[in-house]
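1. test case, fold it:
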Amino acid sequence: MTKILLINDMQISLIACKNLITNAFPDVKVTTALSGNDGIKKALAEIPDLIIINLAMPAKGGIETCKSLKEHDSLL
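-> Numbering: from 1, shown residues only. This next block holds a predicted model:
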């Protein structure tokens, strides 16, 4: 099963994206995270095939989150 992780600080965006993906691809498992730090934890736990990150998030932005994710060999 393909796994996708969505990281976005806006709950409504996560809901909309998750609905679009699951309606188009019912066999895909979609996990969501409301922050960069939460996304990193979930990525390490789930090892998704694809991670979609909002670049403009407060606290830990998308680019910082991406750099942190790339530090883990299991996610490369």
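2. all helices for the chain, in order.
-> For the chain, applying DSSP state H gives helices covering 11-24, 36-46, 62-70.
3. tell me which of those helices sits most buried.
-> Highest mean neighbour count of the helices of the chain: helix 36-46, a mean of 18 (counted as mean count of other Cβ atoms under 10 Å). (Glycine included, C-beta is placed from N, CA and C.)
4. and that one, average pLDDT?
-> Per-residue pLDDT over helix 36-46 has a mean of 97.
5. and the angle for the helix or strand of the chain with the lowest mean pLDDT with helix 36-46?
-> Ranked by mean pLDDT, DSSP states H and E, the weakest helix or strand in the chain is helix 62-70, scoring a mean of 94. For helix 62-70 against helix 36-46, the angle by axes from the mean of the first three to the mean of the last three Cα atoms, to 10 degrees is 30 degrees.
6. could you name the helices and strands sitting against helix 62-70?
-> Packing contacts for helix 62-70, counted by 3 or more Cβ pairs under 8 Å, 6 or more residues apart in numbering; DSSP states H and E, involve helix 36-46, strand 50-53.
7. change it to 10 Å
-> Counting contacts by 3 or more Cβ pairs under 10 Å, 6 or more residues apart in numbering; DSSP states H and E, helix 62-70 packs against strand 3-7, helix 36-46, strand 50-53.
8. strand 3-7 and that helix, what's the angle between them?
-> 140 degrees.
9. sorry, back to before: any chance of the helices of the chain in a markdown table, plus distance to residue 2?
-> Output for those, formatted as a markdown table (distance: least, Cβ to Cβ, whole Å):
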| stretch | distance to residue 2 |
| --- | --- |
| helix 11-24 | 10 |
| helix 36-46 | 12 |
| helix 62-70 | 18 |
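10. which of those helices sits closest to residue 55?
-> Proximity to residue 55 (Cβ to Cβ) singles out helix 62-70 among these, at 3.6 Å.
11. so what touches the closest one?
-> By Cβ atoms under 10 Å, 6 or more residues apart in numbering, the residues outside helix 62-70 that reach it are 5, 7-9, 33, 35-40, 43-44, 51-57, 59-61, 75-76.
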